[in-house]
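> Next input, structure requested:
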Amino acid sequence: MKIFKIPIIPYKSTFVGEQNTLDYQAICIFAATGFFLDDDTFFKEQKVLRPSNTYQIENNTVVSKNTYFKWHYSPVERPLDQIVQEFATLFETIIKEQVGDKKVILPLSGGLDSRTQAAALNYLKIPVSSYSYEFTDGHKETKYSEKIAKVCNFPFSKWEISYGYLWNCIEELAKINDCYSEFTHPRQMTFLENYKKMGDIFSLGHWGDVLFDDMGVSDDLSFNDQVEIIIKKIVKKGGIELAESLWNEWNLDGSFKDYLKNRIITLLKEIDIPQSANAQIRAFKSLYWAPRWTTTNLSVFENAKPITLPYYDNRMCEFICSVPEHYLSGRQIQIAYLKMRMPELAKITWQDHRPFNLYNYHWDKKPWNIPYRIFNKVFRILKNKKIVQRNWELQFLGEENDKQLQKWLFENEKMQTIIPVKLINIFYKNFQNKDAVNYSHPVSILLTLSLFFKNQK
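Numbers count the residues shown, from 1 in each chain. Down below sits the predicted model:
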């Protein structure tokens, strides 16, 4: 008998059961959203152990399950300054416990989560080696990260993700993440060897942006409207079209849209936080999106070095349940923390609100942001070069990329026994000739499924 206590937000999936029968309904949801929902896997008999539960497992079968935490909204009113102090103590305690005296590898961006980590690591005087990357022909995003590293006196590495970066390592990636995420997202695959030379342990800022912000809705939003919001958030462009095509090809009962909606309704009802739609949607994302989407590619980092995630800590989840929503909206807590711990970091441009920083980002609205928008547009016109903004542009566009893509989509006999070439060709042609933005996700899913079926015995 083995006992598994699954964290509130697990950093890896724990599987139980046999890999026997393909679960076509689950694969359709994967096609629509890019991740598997709840405890689904590629197989009907195999499941993922759910967050916040303690399991007894014997002979690869669940014997018992006990829920030890349920997301809730129990706000305790107190001043923002007090909440920021509570966050500071908790956040820094978690980081210190997680990394000890090891040298930390810190990915940096122009956002708030990694910047908040940088402030904490600097305050705790923990040795850090930092890095950031940007796309070839993309925005020069590393300039913000480099400024953060300089203020903190962290060694900094600047890297570039090149065209076709995935093809040389795609089969290795398939083994690392078991094809539970589409392949255009784990850009960190490019730098696996670099990581191994940088330090002892990762400190990753995943999920801070969800926990420390509102969900952009009114707290009295109706249950039915919450369902629609969640579906809109999780479904990718072109995802429904691919899912429905597979659903019909496999002759599944009913309609895919109804199946997806009923699954969301059932899962959202289980959460049951009637006081706050924001808290309920955040809980949904933390239960089902974080473990099955965000967590999946953490395995790539872990393939190089051990990982830690301060925002994933159980205590952080419990803390969030006590914070009034009006303090979570607009990232107020992290912003106030940065101003308190390292004002110089708060003065660096916030990438999502460039050219504004944490002291003046409120001006990122008309008419005050118009001069920057005009300047930015003129700069792009004068540069006369398309700026790469999305992963798939590096991976799928261009002659050499297309050769590799066609190879994986059309030269896999195992996949063609389950997904006919005619269907694959429709989405490939639509990507090439009709709407690359809308059909990039379906093509990426089909590429991922090709690797999955190739690896099946």
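
> Would you map the helices across the stretch 1-150 of the chain?
Using DSSP state H, counting those that start in this stretch, the helices of the stretch 1-150 of the chain run over 24-33, 80-99, 113-123, 142-152.

> Distance check, residue 269 against residue 226.
Per CB to CB, to the nearest Å, residue 269 is found 11 Å from residue 226. For every residue, glycine as well, the C-beta is placed using N, CA and C.

> Between those two, which is the more surrounded one?
More crowded of residue 269 and residue 226, by other CB atoms under 10 Å: residue 226, with 21 against 10.

> Who are the contact partners of the residue lying closest to the more buried one once chain neighbours are set aside?
Distances taken as CB to CB, 6 or more residues apart in numbering place residue 277 nearest to residue 226, at 5.5 Å, with adjacent residues excluded. Counting by CB atoms under 8 Å, 6 or more residues apart in numbering, residue 277 touches 215, 217-221, 225-226.

> For residue 277, give its distance to residue 290.
Applying CB to CB to residue 277 and residue 290 gives a distance of 19 Å.

> and what of residue 280?
Distance from residue 280 to residue 290, by CB to CB: 15 Å.

> before we move on, back to that, ok, and the most crowded of the contacts of residue 277?
Busiest of those [other CB under 10 Å] is residue 215, holding 23 neighbours.

> how close does that one sit to residue 292?
On the measure of CB to CB, residue 215 and residue 292 end up 18 Å apart.

> And for residue 399?
Distance from residue 399 to residue 292, by CB to CB: 35 Å.

> Which one's more surrounded, these two?
Each of residue 399 and residue 292 has its neighbours counted (other CB under 10 Å); residue 292 has more, 25 against 6.

> How many residues are close by residue 411?
Counted with other CB under 10 Å, residue 411 comes out at 11.

> and what of the one 4 residues further on?
Neighbourhood size, residue 415 [other CB under 10 Å]: 22.

> Mind checking what secondary structure it has?
Here residue 415 is recorded as helix under DSSP: H, G, I helix; E, B strand; the rest coil.

> Bridge partners for residue 134, pull those for me.
residue 160 (DSSP bridges).

> And it, how close does it get to residue 387?
Distance of residue 134 to residue 387, given as CB to CB: 11 Å.

> Pick out whichever of the two has more residues nearby.
residue 134 (17 against 11).

> Tell me the pLDDT of the closest residue to residue 437 other than its chain neighbours.
Closest residue to residue 437 apart from its sequence neighbours, by CB to CB, 6+ apart: residue 237 at 6.6 Å. Turning to residue 237, the model gives it a pLDDT of 94.

> my read is residue 237 is in a helix, agree?
No: with three-state DSSP as the criterion, residue 237 is located in coil rather than a helix.

> Report the separation between the nearest residue to residue 67 once chain neighbours are set aside and residue 312.
Using CB to CB, 6+ apart and skipping residues adjacent in sequence, the residue nearest residue 67 is residue 53, 5.3 Å away. Distance, residue 53 to residue 312, by CB to CB: 16 Å.

> can you check residue 365 too?
Between residue 365 and residue 312 the computed distance is 33 Å (CB to CB).

> Residue 6 now?
From residue 6 across to residue 312, the span is 12 Å (CB to CB).

> Among these two, which residue is more densely surrounded?
Higher neighbour count among residue 6 and residue 312: residue 312, with 27 against 21, using other CB under 10 Å.

> so that one sits right up against residue 207, yeah?
Yes: judged on CB atoms under 8 Å, residue 312 makes contact with residue 207 at a distance of 6.2 Å.

> Quick one: end-to-end distance for stretch 349-364.
End-to-end distance for stretch 349-364: 12 Å, by CA to CA, to the nearest Å.

> actually stretch 207-216, sorry about that
This stretch, stretch 207-216, spans 16 Å end to end (CA to CA).

> Now it: average pLDDT?
Stretch 207-216 shows a mean pLDDT of 96.

> who touches it?
Outside stretch 207-216, the residues within contact range by CB under 8 Å, 6+ apart are 9, 111-113, 116, 229, 277-278, 281-282, 285-286, 290, 294, 309, 311-312, 316-317, 320, 325, 328-331, 333-334.

> next SSE after the lowest-mean-pLDDT helix or strand in the chain?
Scoring the helices and strands of the chain by mean pLDDT, DSSP states H and E places helix 370-383 at the bottom, with a mean of 60. Per DSSP states H and E, the first helix or strand lying C-terminal to helix 370-383 is helix 391-396.

> Any idea how many residues pack against the closest residue in space to residue 166 that isn't next to it in sequence?
In space, not counting the residues next to it along the chain, residue 166 is nearest to residue 395; the distance is 5.4 Å by CB to CB, 6+ apart. By other CB under 10 Å, 25 other residues sit near residue 395.
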